[in-house]
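> Build me a structure from this.
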Amino acid sequence: MFEIKVVLERVGRGESRSEVERATGHARKTIGRYVKRAEKLGWRPGMVVTDELAGAVARASGVARERGPGESELLLMPHQERIRAWLTPSASEKRGLRLAKVQLLLEREGVRVPYSSLHRFAVTHCGFQDQRRITVRLDDPPPGLYAQVDFGRLGLVPDGEGRRRLLWGLSVVLPCSRHQFLFVTFSQRLEVLIEGLEDAWVFFGGVASLVILDYVPRNIIEVLCPPALCGGGVWRRVLVGRRALAWPHNVAARLGAA
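Prediction:
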């Protein structure tokens with residue numbers, strides 16, 4: 001059932017059947033059979049894969065509920081103590097080797113198993129706990145408190161002069177409502193940023209109290225947030241006129257606003 005759940009989760013994330021085959025060791029026909037059974041039960045890619053769904057797919061596919069060790073588990077069993085030692089941190093370390101490194105060490109010795117099978121073996125037999133970084137969910141800010149600003153690459157397009165130029169999108173998002181405005185431009189110059197923000201305020205029907213700059217070009221950050229606040233330039237006049245503050249992303253993150 002665990003393997004079926006992994007397959008469906010990978011397919012649900014948009015991975016191709018070839019990618020799922022390489023990662024799990026299941027044949028593409030088997031993957032397709034699991035997906036088809038799940039879809040008959042009402043599941044669609046992007047939906048949550050519950051244990052109940054995986055169990056129903058297992059029963060519909062004729063997978064035995066209780067069975068002995070699989071092929072991968074039998075290959076790993078003689079190496080159990082070494083895997084445990086690799087994953088256990090020493091007295092001077094915070095954690096042991098990464099599981100991907102353990103998989104590489106095993107492959108050097110001719111033991112080739114899918115990562116998902118190694119992960120399941122490590123959790124079941126070696127006391128392994130996944131130490132991935134946990135994302136802390138924050139409450140939504142009050143409406144109008146701040147806007148997040150970032151440039152994103154949109155691709156190459158004809159510029160009307162027979163050339164292909166890189167097109168950028170200036171994205172302005174209000175985190176409370178997730179309302180977004182996109183300003184399309186060929187440039188990331190300061191005056192373009194200001195023009196895009198001015199259009200965004202018109203679109204939103206108001207101005208955010210705080211503008212958080214998320215990885216806009218370094219030269220703009222230097223202009224917006226120099227040691228002497230804004231250096232008396234045009235950006236300062238814009239902010240003062242709109243009664244707004246501008247922070248680079250790293251400052252806002254430290255203060256808990258991003």
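> so what's the closest residue to Cys126 other than its chain neighbours up against?
Of all residues beyond its chain neighbours, the one nearest Cys126 is Arg84 (4.2 Å), with distances taken as CB to CB, 6 or more residues apart in numbering. Backbone N, C-alpha and C define where each C-beta goes, glycine included. Counting by CB atoms under 8 Å, 6 or more residues apart in numbering, Arg84 makes contact with His125, Cys126, Gly127.
> quick one: which of those residues has the most company?
Counting neighbours by other CB atoms under 10 Å, Cys126 leads the contacts of Arg84 with 23 neighbours.
> Next up, the contacts around that one.
Per CB under 8 Å, 6+ apart, neighbours of Cys126: Gln80, Ile83, Arg84, Leu87.
> shaky segments in this protein?
Filtered on pLDDT under 70, the chain yields the residue ranges 1, 63-69, 130-138, 214-258.
> now the strands: where do they sit in it?
Along the chain, the segments classed as strands by DSSP state E run 146-158, 164-174, 179-185, 210-213, 245-248.
> right, so these: which one is the most enclosed?
strand 210-213 (a mean of 21; mean count of other CB atoms under 10 Å).
> Sheet-wise, list the partners of that one with their directions.
strand 146-158 (parallel), strand 245-248 (parallel) (DSSP bridges).
> Just want the angle from the longest one to strand 164-174.
Orientation check (axes from the mean of the first three to the mean of the last three CA atoms, to 10 degrees): strand 146-158 against strand 164-174 gives 160 degrees.
> and strand 146-158 with strand 179-185, angle?
40 degrees.
> Distance from the chain centre to strand 146-158, please.
Relative to the mean C-alpha coordinate of its chain, strand 146-158 is positioned 18 Å out (CA atoms, centre = their mean, to the nearest Å).
> One more: stretch 121-128?
For stretch 121-128, the separation from the chain centroid amounts to 26 Å (computed by CA atoms, centre = their mean).
> for stretch 2-11, same thing?
Its chain's average C-alpha position is 18 Å from that of stretch 2-11, according to CA atoms, centre = their mean.
> Next, the buried residues of that stretch.
Across stretch 2-11, burial judged by 16 or more other CB atoms under 10 Å covers Glu3, Ile4, Lys5, Val6, Val7, Leu8, Arg10, Val11.
> The residue lying closest to the second one once chain neighbours are set aside: neighbour count?
For Ile4, ignoring the flanking residues on the chain, the nearest one in space by CB to CB, 6+ apart is Ala54 at 4.7 Å. Under the neighbour criterion other CB under 10 Å, Ala54 is assigned a count of 23.
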